[in-house]
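structure for this input, please:
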Amino acid sequence: MDLWTDRPGRTTIGPVARPPAAVLGTWAATGAVVLLAPSGGEGSPLVQPLLVYSLASALIPATAAFLAVTWGVHAEGRFRARPGRPGGSLLNPVLATALRGMALGALVLGVLLVQAWIAGAPGTVAAVSAGVVLVECVVFGAIGAGLSAWAGRRRLAPAAGWMLCIAFVAGAPAAAIALLPLVRAEEPVTVALNVEWAPDGTRVAFRCSEIDGGISEIYHTERLMWLPALSPPVLFLMLGAEVDKAGHVLGWVPAALQEAADARQVPCVQGQPRSRDEPRMPMALVGFLGQAAVAGAIVAGGYRRKRNLDMARDDPAGISPRA
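As a prediction, the model looks like this:
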């Protein structure tokens, strides 16, 4: 049996069920966007391969999410047709999707290592992207299996799964941007002293004087950043920044996201200093836990509905006493 299909030599829903086409398509689309974008100071031929590397590494986990939710839906449908699997009715589809995720992660690693070689960049970012792909395959595969068990309809579950993927990938960051006016405030600030800068250009530590700096417009983005953390590309960026601390591949974007999560765009708000050892919001952990919570709720709902349907099928007349 082909690893990417449900049956020998046959795909599930067309080309999207073929991960090589999806991964290579994302890679090619990223290259096309970079090449066709208006050339500026950063559009030189030496920089373009690096941009393709960074963008493809961020976008491929999103592609994996759509693939995984489709795999989960179809795997649950196949196992549902096999009687005598009450305990493993949802576990088996998730494990099957995780197995495909491992193969997909290996494919992603190979493709991105080629791009890293072209760009002359280290392959650590490619390894992080492949790892995120595997994690997202497990999470979104579980979501797909849960939706399939919950909906029970052949077309409803894939459509709901794709809508949920869109909400995670693009909807959550867009919602955070739309809610920015709700966290706007005007607060007093003081003059910052002894500012220490990180290689990525963000403030690591600073002291605050008693000199009044006036009233400044503040956005308490720390109240919203859990939303974009749910997005697979953002999850990758925050993990990738751990192996690309200088921002050679990923640039300033992870640092800006972390600064927004810590609400430190403006220093010394209300005279509050910052030290080097002050904890920062773990965006990657928050994003993963949020995804896992949604997946767990959907799987639990799907399992409960399937159990009720099995009980109704075994006792169609409703004669058996209920606990």
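
list the buried ones in the lowest-mean-pLDDT helix or strand in the chain?
For the chain, the helix or strand with the lowest mean confidence is helix 283-314, at a mean of 84 (criterion: mean pLDDT, DSSP states H and E). For helix 283-314, the neighbour count (16 or more other Cβ atoms under 10 Å) marks 283-284, 286-288, 290-291, 294-295, 298-299, 302-303, 306 as buried. Heads up, the C-betas are built off the backbone N, CA and C, glycines and all.

list the contacts for residue 128?
Residues near residue 128 by Cβ atoms under 8 Å, 6 or more residues apart in numbering: 57, 236, 239-240, 242-243.

which strand or helix spans it?
helix 124-151 (DSSP states H and E).

in that helix, what's buried?
125-151.

what angle sits between it and helix 283-314?
Note on geometry: by axes from the mean of the first three to the mean of the last three Cα atoms, to 10 degrees, helix 124-151 and helix 283-314 are set 30 degrees apart in direction.

can you tell me what sits against the helix or strand just after helix 124-151?
Sequence-wise, the next helix or strand downstream of helix 124-151 (DSSP H and E) is helix 156-166. Helix 156-166 is contacted by residues 13, 62, 65-66, 69-70, 72-73, 140, 143-144, 147-148, 150-151, 294 when judged by Cβ under 8 Å, 6+ apart.

closest to residue 220 out of the residues you listed?
residue 294 (24.5 Å; Cβ to Cβ).

which residues does the closest one contact?
Counting by Cβ under 8 Å, 6+ apart, residue 294 has contacts 143, 164.

what ranges of this protein fall below the confidence cut-off?
Counting by pLDDT under 70, the chain contains low-confidence ranges at 1-17, 38-46, 80-89, 152-154, 309-323.

ok, now which ones touch the residue nearest the centre of it?
The residue lying closest to the centre of the chain (Cα atoms, centre = their mean) is residue 232, at 1.1 Å. Applying Cβ under 8 Å, 6+ apart, we find residue 232 in contact with 61-62, 64-65, 132, 136, 168-169.

same check on residue 278?
residue 205.

am I right that it sits in a helix?
No: the assignment for residue 278, made by DSSP: H, G, I helix; E, B strand; the rest coil, is coil rather than a helix.

how far away is it from residue 272?
In this view, residue 278 and residue 272 are 10 Å apart by Cβ to Cβ, to the nearest Å.

next one: residue 262
Residue 262 is 12 Å from residue 272, by Cβ to Cβ.

neighbour count winner among the two?
Using other Cβ atoms under 10 Å, the more surrounded residue of residue 262 and residue 272 is residue 262, with 19 against 12.

wait, isn't the more buried one in contact with residue 280?
Yes: counting by Cβ atoms under 8 Å, residue 280 is a contact partner of residue 262 at 5.4 Å.

which residues in the stretch 1-150 of the chain form helices?
19-36, 48-80, 91-119, 124-151 (DSSP state H, counting those that start in this stretch).

what's near enough to touch residue 213?
188-191, 268.

which non-adjacent residue is nearest residue 134?
Spatial nearest neighbour of residue 134, excluding adjacent residues (Cβ to Cβ, 6 or more residues apart in numbering): residue 105 at 4.3 Å.

tell me what residue 269 is bridged to.
On the basis of DSSP bridges, residue 269 is bridged to residue 189.
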